[in-house]
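Q: sequence and predicted model, in that order:
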Amino acid sequence: MTDALINNGGTAQIIIDVPQAVALSLTRGLNANQSGTVEVSAPHGGLSVGQSIFVGYRGKGNLAITDGDSVMSATASIASFTNALLPPSHGSATLNGGGLWTVTGRFDLGGYNNTPGGAALLSVTNGSTVSAGSVRVYNSGTLTGDGTISTTSGITVDGTISRTVGTLTIGGGLSLTSTATTQCSVTPQDLNTIDVSVSGAATLTGRLSVTMTGTFTPCTQFTLLHAGVRSGTFGSQSISFPQGQGFIPVITYDANNVYLYLESSNGCH
């Protein structure tokens, strides 16, 4: 039943089984000139917060969850607020190696409770999972990785969504607003890899940015996004691709997918 604050630039390490770390709320970087870090890591760390976790409230904050360890909270916010005449808040949370963050309610990335905040990053990689009631990625927020983000009420993206190596999996619905940017990095090895896989409905708009690197074969097709149901298209797109390989990249759609098709300069048969 105690509020926990880490504001002195230090790092709290949670690395043992018993007793599990417990707090009423947890804030790193309460004010603009303050910062703090929490690491939940092997061998068997665990953290349970009854109310909110703030990773960079008005200051700077970091949270790392690794090696299958878990964090639970009622709500969560990364880079919650901006500051008049001062640097904005900054927060990052990284989950790696099967880490789990369970948020029963709202998860705000780059803001808090419908108020835009500072620069926020949520990276979910290497078998890790974030499970939340809902997720909102504000304009200053970035969601990235190749793990799983599962929600009951869906993900709304005003900012940036991207994947690293592998597939970023969305459990539930995905809604991209007109300010959203979807970033896709494509190599020849991604031929059978989906960049973003959405189990529910995906509503598309905003900007699509594709960066291609490597040596490609014309007349091949890459899946940038797969959804249970797809509606809408991207409002604008940019594709950076290697020249002189005999193809022109084209974005195409069907009922469930967004594709990158490499149209041959000599025609495909």
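A: Alright, I've got the coordinates.
Q: C-alpha from now on. contacts and neighbour counts both.
A: Fine.
Q: so what's Gly171 closest to, chain neighbours aside?
A: Ser150 (4.0 Å; CA to CA, 6 or more residues apart in numbering).
Q: just the C-alpha atoms of the helix or strand that neighbour falls within, please, in PDB.
A: Assigning secondary structure by DSSP states H and E places Ser150 in strand 148-151. The C-alpha trace of strand 148-151 is given here as PDB (Å, rounded to 0.1, in the frame of the first residue of the first chain):
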ATOM      1  CA  THR A 148       3.300 -10.200 -29.000                       C
ATOM      2  CA  ILE A 149       0.900  -7.400 -28.000                       C
ATOM      3  CA  SER A 150      -2.500  -8.700 -26.900                       C
ATOM      4  CA  THR A 151      -5.500  -6.600 -26.000                       C
END
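Q: packing partners for that strand?
A: strand 129-137, strand 168-171 (3 or more CA pairs under 8 Å, 6 or more residues apart in numbering; DSSP states H and E).
Q: out of these, the one nearest Phe54 is which?
A: strand 129-137 (14.5 Å; CA to CA).
Q: would CSV of the helices and strands packed on strand 148-151 with distance to Thr75 be doable?
A: What follows is the helices and strands packed on strand 148-151, written out as CSV (distance: least, CA to CA, whole Å):
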stretch, distance to Thr75
strand 129-137, 8
strand 168-171, 18
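Q: nearest to Cys268, of the ones you listed?
A: strand 168-171 (30.4 Å).
Q: which is the next helix or strand following the closest one?
A: Defined by DSSP H and E, the subsequent element after strand 168-171 is strand 174-176.
Q: list the buried residues for stretch 96-109?
A: Under the neighbour-count criterion of 16 or more other CA atoms under 10 Å, stretch 96-109 has 96-109 buried.
Q: list the contacts of that stretch.
A: 65-80, 120-122, 124-138, 141-142 (CA atoms under 8 Å, 6 or more residues apart in numbering).
Q: same thing but 6 Å
A: 65-78, 120, 125-138, 141 (CA atoms under 6 Å, 6 or more residues apart in numbering).
Q: show me how to select, in PyMOL, the buried members of those residues.
A: With 16+ other CA under 10 Å as the criterion, this PyMOL line picks the buried residues out of the contacts of stretch 96-109:
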select buried, resi 65+66+67+68+69+70+71+72+73+74+75+76+77+78+120+125+126+127+128+129+130+131+132+133+134+135+136+137+138+141
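Q: low-confidence ranges, the stretch 51-200 of the chain, go.
A: Within the stretch 51-200 of the chain, no stretch has pLDDT under 70.
Q: do that again at 90, thanks
A: 67-70, 82-88, 97, 163-166 (pLDDT under 90).
Q: helix, strand or coil: sort out Glu263 for me.
A: Here Glu263 is strand, with the state taken from DSSP: H, G, I helix; E, B strand; the rest coil.
Q: bridging residues for it?
A: As for beta bridges, Glu263 partners with Ile248 under DSSP bridges.
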